[in-house]
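Visitor: Provided below for reference: sequence and predicted model.
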Amino acid sequence: MLGVLSLVIFVAGSLAASDVGSAGKKLYKTHEAIISAGYPAETHDVLTKDGYILELVRIPHGKNPDGKVRPPVLMMHGLSDYGGTYIALGTKDSLAYNLVDIGADVWLGNARGVANSRRHVSLDPDNEDQKHDFFDFTFHEIGTIDLPAMIDYILKTTGQEKLHYVGHSQGGTVFLVLNSMLPEYNDKFKSAHLLAGVGYQNNFPNKVLRATAMTVDLIYSFATNRGLVELIGPNWGDQISEIETQASSVGSRTANGILDNIINPKKLLPGAALKQYAHYGQNIRDKKFRQWNYGLKNLAKYGRLTPPEYDLTKITADVTMHYTVSDTLLDEKDVLSMAKIMPSATVRKIARETFTHTDFVNAEDAKQLVVDFIVKAIAESK
């Protein structure tokens, strides 16, 4: 009973606080949406060293080509979101279109596991015998494998030596992971803008999720043992049915009620590995920004009893950390602590105090409060 209720709270709370806003099935066809808006678009597949096939959608220039060499900008989405989030506000307000309009070459990334990158050379995410291996990843693999693969592909394709970077939420996390684990990549960034980029979680503000994180290992084990390794993928209804059965077997009408409320509205969202959520849960519980905790297997995996922490002092790229005081997933104190130890980091607090975690990509006033600043900064440094 405890396992069922904990999982329900974990799933419901995580989804309520997830990065997804306006993402939906029709926007999975990001390429077509861009074309419909009057801009050129290209779709590129990037193969990672461990066999995942990732989608990059490129907006190479504005509505009218000018033949100029444009600085590339890689944009990465948050957890349970996807690259199309950066065009969802339309041609006037979306960050991607505004960057293209001032002369940038924009690339929208899709991390492994989301609908656009739910592919692998040998693993089938819908196969019961293979899905556990397919979804055995967290933001660590996205940061150390997906992100460098995308960066190297973009730089090779464009012939450039450096690019600009924008990452929302988990898109910020993977930037921190990459440049702390592979510090040679710092030199490949002209600038980076992290929008509510999650790293340190020592002061995690969401009380419900903070309490639930205390049992994250139990929740993760309970779920994976019942075949739930993916959240909000195309087969979400089938995946969650086992949990509903468990809830019914112990007479938990409350659990079933919560599940009924979250299944249908969310079933078309981009998807993520349950392990991604669990990794954040571990770091919230332990108040450490570190690699996946294998428990007793840490010694075999890392040669030590505890997982290694990500060393942010190794991040030397020019970073601007945008944050808001109303964020329920990232506390101001943690943002300031991260920026303090990164040699070239600055912080920028959003002027509207009620601005939220998802408002960075969804709010009607995002253009005035976020987009215009980034566009100007990149225009001046391109």
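Guide: Right, received. Where do you want to start? Numbers count the residues shown, from 1 in each chain.
Visitor: Can you list the residue ranges for helices in the stretch 101-250 of the chain?
Guide: Counting by DSSP state H, counting those that start in this stretch, the stretch 101-250 of the chain has helices at residues 131-134, 139-141, 147-158, 170-181, 207-212, 216-225, 236-249.
Visitor: Which of these has the highest mean neighbour count?
Guide: helix 170-181 (a mean of 27; mean count of other C-beta atoms under 10 Å). (Glycine included, C-beta is placed from N, CA and C.)
Visitor: returning to what we had before: weakest of the helices of the stretch 101-250 of the chain in terms of mean pLDDT?
Guide: Lowest mean pLDDT of the helices of the stretch 101-250 of the chain: helix 236-249, a mean of 43.
Visitor: So which bits of stretch 112-119 are buried?
Guide: Using 16 or more other C-beta atoms under 10 Å as the test for burial, stretch 112-119 gives 112-119.
Visitor: What's the mean pLDDT across it?
Guide: pLDDT averaged over stretch 112-119 gives 94.
Visitor: Ok, stretch 76-84 next?
Guide: 94.
Visitor: Tabulate the buried residues of stretch 112-119 (JSON lines), appending distance to R352.
Guide: As requested, the buried residues of stretch 112-119 are exported to JSON lines (distance: C-beta to C-beta, whole Å):
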{"residue": "R112", "distance to R352": "34"}
{"residue": "G113", "distance to R352": "32"}
{"residue": "V114", "distance to R352": "29"}
{"residue": "A115", "distance to R352": "31"}
{"residue": "N116", "distance to R352": "31"}
{"residue": "S117", "distance to R352": "33"}
{"residue": "R118", "distance to R352": "35"}
{"residue": "R119", "distance to R352": "39"}
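Visitor: Kindly indicate which of those residues lies nearest I34.
Guide: N116 (13.3 Å; C-beta to C-beta).
Visitor: and the closest residue to H77 other than its chain neighbours, which of the three is it?
Guide: Excluding the flanking residues, the one nearest H77 by C-beta to C-beta, 6 or more residues apart in numbering is T85, at 5.2 Å. Secondary structure state of T85, per DSSP: H, G, I helix; E, B strand; the rest coil, is helix.
Visitor: measure T85 to L95 for me?
Guide: T85 sits 9 Å away from L95, going by C-beta to C-beta, to the nearest Å.
Visitor: Next, show the common contact partners of the two.
Guide: V361 (C-beta atoms under 8 Å, 6 or more residues apart in numbering).
Visitor: List just the nearest of the buried residues of stretch 112-119 to K301.
Guide: For the buried residues of stretch 112-119, the nearest to K301 is R112 (20.3 Å; C-beta to C-beta).
Visitor: Could you list which residues are in contact with that closest one?
Guide: For R112, counting by C-beta under 8 Å, 6+ apart, the contacting residues are 48, 52, 54, 118, 137, 141-142, 146.
Visitor: can I get those residues in JSON lines with distance to K68?
Guide: Formatted as JSON lines, the contacts of R112 follow (distance: C-beta to C-beta, whole Å):
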{"residue": "T48", "distance to K68": "31"}
{"residue": "Y52", "distance to K68": "33"}
{"residue": "L54", "distance to K68": "28"}
{"residue": "R118", "distance to K68": "35"}
{"residue": "F137", "distance to K68": "38"}
{"residue": "E141", "distance to K68": "36"}
{"residue": "I142", "distance to K68": "32"}
{"residue": "D146", "distance to K68": "29"}
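Visitor: Can you tell me which of those has the most neighbours?
Guide: I142 (29 neighbours; other C-beta atoms under 10 Å).
Visitor: hang on, it packs against F175?
Guide: No - using C-beta atoms under 8 Å, I142 makes no contact with F175, being 10.2 Å away.
Visitor: So if we follow the domain assignment, how does this structure break up?
Guide: Using automatic domain parsing, the domain parsing of the chain gives 2-17+207-286, 25-204+305-381.
Visitor: hey, least reliable of those by pLDDT?
Guide: Lowest mean pLDDT of the domains of the chain: domain 2-17+207-286, a mean of 67.
Visitor: now E332: how far from G167?
Guide: 19 Å.
Visitor: Comparing those two, which residue is more hemmed in?
Guide: G167 (25 against 16).
Visitor: need the contact list for the residue lying closest to that one once chain neighbours are set aside.
Guide: Nearest in space to G167, with sequence neighbours left out and distances taken as C-beta to C-beta, 6+ apart, is M76 at 4.4 Å. M76 is in contact with 83, 109, 111, 147, 165-168, 170-171, 174-175, counting by C-beta under 8 Å, 6+ apart.
Visitor: between the residues you listed, which is closest to P71?
Guide: Among the contacts of M76, and counting by C-beta to C-beta, the member closest to P71 is Y165, at 11.3 Å.
Visitor: export the helices of the stretch 101-250 of the chain to CSV and tack on distance to L89?
Guide: Shown next, in CSV, are those (distance: least, C-beta to C-beta, whole Å):
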stretch, distance to L89
helix 131-134, 32
helix 139-141, 25
helix 147-158, 23
helix 170-181, 16
helix 207-212, 27
helix 216-225, 33
helix 236-249, 26
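Visitor: D66: neighbouring residues, count only.
Guide: Other residues close to D66 by other C-beta under 10 Å number 8.
Visitor: host element of it?
Guide: In the assignment (DSSP states H and E), D66 maps to no helix and no strand.
Visitor: how close does it sit to Q282?
Guide: 48 Å.
Visitor: And for T173?
Guide: On the measure of C-beta to C-beta, T173 and Q282 end up 13 Å apart.
Visitor: Give me the most central residue, this structure.
Guide: What sits nearest the mean C-alpha location of the chain, by C-alpha atoms, centre = their mean, is G78, with 2.8 Å.
Visitor: for that one, helix, strand, or coil?
Guide: Under three-state DSSP, G78 comes out as coil.
Visitor: now H322
Guide: strand.
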